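Asker: Got a sequence here, can you build the structure:
(one chain, ligands or ions: 1)
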Amino acid sequence: MDQAAIHDIFIVGGGINGCGIARDAAGRGYSVYLAEMNDLASGTSSGSTKLIHGGLRYLEYYEFRLVRESLMEREVLWRMAPHIIWPMRFVLPYADGLRPAWLLRLGLFLYDHIGGRKLLPATKTLNMRSDASSKPLKPLFAKAFEYPDGWVNDARLVVLNARDAADRGAVIRTRAKVVSARRDGDHWLIEVEDLHNGGIEQVRSRLIVNAAGPWVDHVLATAVGQNDVHNVRLVQGSHIVVPRKFDDLRAYFFQNRDGRIIFAIPYEEDFTLIGTTDQDYQADPRDVAISDAEIDYLCDAASEYFAKPVRKDEIVWTYSAVRPLYDDGASKAQEATRDYVLKVDSQGGAPLVNIFGGKITTYRRLAEATLEKIEDVLGPRGKPWTSGATLPGGDFAPDGYETEVARLKGSYPFLDLTLAHRLVRLYGSKARVLLGLAKSEADLGRRFGADLYEAEVRYLMVHEWAATADDVLWRRTKRGLRLSGEEAAALDEYMTAERVNHSAAAE
Ligand code: FAD
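Answerer: Numbering: from 1, shown residues only. Below is the predicted model:
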């Protein structure tokens with residue numbers, strides 16, 4: 001094989017960290033190949049609480065570096081992708097017998113002041129005898145604190161990073177599993193299995209980035225052939241989704257008696273998202289699922305606060321994911337560091353960069369830090385560039401969402417207003433590419449259920465690597481909450497028939 005066919009960087013894993021690194025590296029001029037064994041964001045990166053946050057709770061564990069970096073990222077990421085990231089305010093009721101008010105105030109003071117806040121408003125104290133946020137709560141709270149953080153559509157953040165990386169020249173392969181990686185002289189020889197047809201592709205690369213999240217040790221043990229690897233601690237976290245418990249646009253931050261906290265967040269217009277939990281996990285991350293104990297825990301914890309209890313039988317959806325936390329030897333899962341650790345392993349040959357830990361919030365900074373390590377071994381190729389560059393569809397002002405919806409409605413008057421809002425929230429200015437020359441609802445093609453039309457499904461297959469109904473219903477959109485089982489099956493059938501024609505065009 002000639003030298004020209006050797007990639008600079010091979011990335012294992014299409015979660016937020018792999019895709020963020022691919023985008024940054026491709027933008028600097030490195031040739032990049034990324035392999036994801038399932039769908040983009042099918043691992044931990046679609047199972048988060050979806051907050052762009054400093055992590056108020058991490059201050060208790062003295063994670064000042066992480067909290068500061070995360071807080072600084074809130075506004076950077078909002079500007080980068082105002083369609084999928086936006087500010088959210090959190091109401092933290094003060095409850096007698098839990099953390100004292102002075103401690104909460106101190107934490108929030110730090111939160112307000114160490115993170116370079118410019119656009120986000122400061123923390124304030126609420127009188128819960130009169131504030132509207134007290135309406136759905138039990139009448140137990142005299143006072144609350146309201147502070148700002150951000151909301152992110154986590155799965156779309158991953159896909160948009162992959163899309164941008166591909167637009168800048170990266171090769172992005174999904175359903176492509178790394179089965180072996182061996183050093184061969186000054187480079188790596190990697191075998192990638194195509195899970196659609198079982199074929200093996202051989203790829204050569206000067207460096208590998210192992211961004212396999214909860215599978216990072218598994219990749220080292222099985223593909224790279226290392227013995228006795230124990231770098232990450234796997235910690236399961238689950239969420240429940242119930243019909244909307246409150247009308248307020250603000251979210252709630254509830255403290256529990258065990259010292260943990262949960263969030264109750266307005267979700268997909270008609271729902272409330274409640275989570276999360278923290279429990280050690282040992283099995284294959286692919287099999288993670290909510291346990292009965294977690295369901296009880298979340299219902300009980302939320303019911304301590306809401307006047308109308310959260311009942312098991314009203315749960316419409318649950319999801320679970322596994323945090324790949326760097327194993328710092330902490331005794332409790334909730335105490336393990338949330339910070340990321342990068343380790344370069346050269347063993348006298350081609351380098352391997354392992355990514356341990358990391359949060360959605362810090363993915364861009366993690367990518368920059370990884371690129372520093374890569375530059376050390378491959379030589380520099382361009383400067384950091386991602387802090388000011390928008391993601392696909394995000395080229396409008398941070399507060400310009402409603403204007404963007406009005407503009408889209410202006411260009412496509414037949415669009416239902418709710419659908420126009422949804423399309424701008426998911427695709428931003430790229431909604432126009434999706435709608436193309438459509439002049440009427442009929443031009444959007446077959447309707448699969450709710451407001452999901454063929455035009456959107458085709459867009460997702462052609463531009464965003466969607467291959468199955470799950471990819472569309474649970475990661476690119478959350479239409480899974482609205483479609484019936486039969487409608488989802490019909491969509492899957494349609495996509496299977498279309499896949500051969502359209503998936504190739506995504507690269
Ligand atoms: P992943 O997203 O898991 O990606 C790794 C990918 O590697 C997977 O898609 C997998 O399929 C692929 N892969 C594995 N092996 C192979 C192979 N052999 N070949 C090819 N591909 C392979 N962070 C925040 O900032 N805010 C939050 O609110 C937040 N909430 C969270 C709540 C929970 C319950 C959890 C679990 C995490 C939360 N996080 C949050 C943290 C954040 O979600 C994770 O740190 C982040 O998603 C990890 O991304 P990753 O790319 O490292 O891993």
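Asker: Mind listing what's buried along stretch 405-414?
Answerer: Within stretch 405-414, the residues that count as buried by 16 or more other C-beta atoms under 10 Å are Val405, Arg407, Leu408, Lys409, Tyr412. Any C-beta I mention is one placed from the backbone N, CA and C, and that applies to glycine too.
Asker: repeat for stretch 25-38
Answerer: Neighbour counts over stretch 25-38 (16+ other C-beta under 10 Å) mark 25-28, 30-38 as buried.
Asker: quick one: which of these is nearest to the ligand?
Answerer: Met37 (3.5 Å; C-beta to the nearest ligand atom).
Asker: Give me the nearest residue to that closest one, chain neighbours excluded.
Answerer: Lys177 (3.8 Å; C-beta to C-beta, 6 or more residues apart in numbering).
Asker: what secondary structure does that neighbour sit in?
Answerer: strand (DSSP: H, G, I helix; E, B strand; the rest coil).
Asker: before we move on, what about Phe90?
Answerer: Taking three-state DSSP, the label given to Phe90 is strand.
Asker: Where does Lys343 sit, in terms of helix or strand?
Answerer: Element membership for Lys343, per DSSP states H and E: strand 341-345.
Asker: Contacts only, for the most centrally placed residue in the chain.
Answerer: The residue lying closest to the centre of the chain (C-alpha atoms, centre = their mean) is Asp154, at 2.6 Å. Going by C-beta atoms under 8 Å, 6 or more residues apart in numbering, Asp154 touches Ile16, Ala41, Ser45, Ser46, Gly47, Ser48, Lys50, Ile360.
Asker: And for Thr362?
Answerer: Leu66, Glu69, Ser70, Glu73, Tyr340 are the contacts of Thr362 under C-beta under 8 Å, 6+ apart.
Asker: Looks to me like the third one is in a helix.
Answerer: Yes: applying three-state DSSP, one finds Ser70 inside a helix.
Asker: residues in contact with it?
Answerer: If you count contacts by C-beta under 8 Å, 6+ apart, Ser70 has them with Ile52, His53, Gly54, Gly55, Gly115, Lys359, Thr361, Thr362.
Asker: related to what we said a few turns ago, who wins for neighbours among the contacts of Asp154?
Answerer: Ile16 (33 neighbours; other C-beta atoms under 10 Å).
Asker: what's the distance between that one and Leu77?
Answerer: 11 Å (C-beta to C-beta, to the nearest Å).
Asker: Thought Gly14 was touching the residue nearest to Met37, still the case?
Answerer: No: in this structure Lys177 lies outside contact range of Gly14 using C-beta atoms under 8 Å: 11.2 Å.
Asker: quick one on the thing from earlier: of the contacts of Ser70, which belong to strands?
Answerer: Members of the contacts of Ser70 lying in strands (criterion: DSSP state E): Ile52.
Asker: Save the contacts of Ser70 as JSON lines, and put in pLDDT and distance to the ligand too.
Answerer: Shown next, in JSON lines, are the contacts of Ser70 (pLDDT from 0 to 100; distance: C-beta to the nearest ligand atom, whole Å):
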{"residue": "Ile52", "pLDDT": "96", "distance to the ligand": "6"}
{"residue": "His53", "pLDDT": "93", "distance to the ligand": "6"}
{"residue": "Gly54", "pLDDT": "88", "distance to the ligand": "10"}
{"residue": "Gly55", "pLDDT": "85", "distance to the ligand": "8"}
{"residue": "Gly115", "pLDDT": "85", "distance to the ligand": "14"}
{"residue": "Lys359", "pLDDT": "95", "distance to the ligand": "3"}
{"residue": "Thr361", "pLDDT": "97", "distance to the ligand": "4"}
{"residue": "Thr362", "pLDDT": "96", "distance to the ligand": "7"}
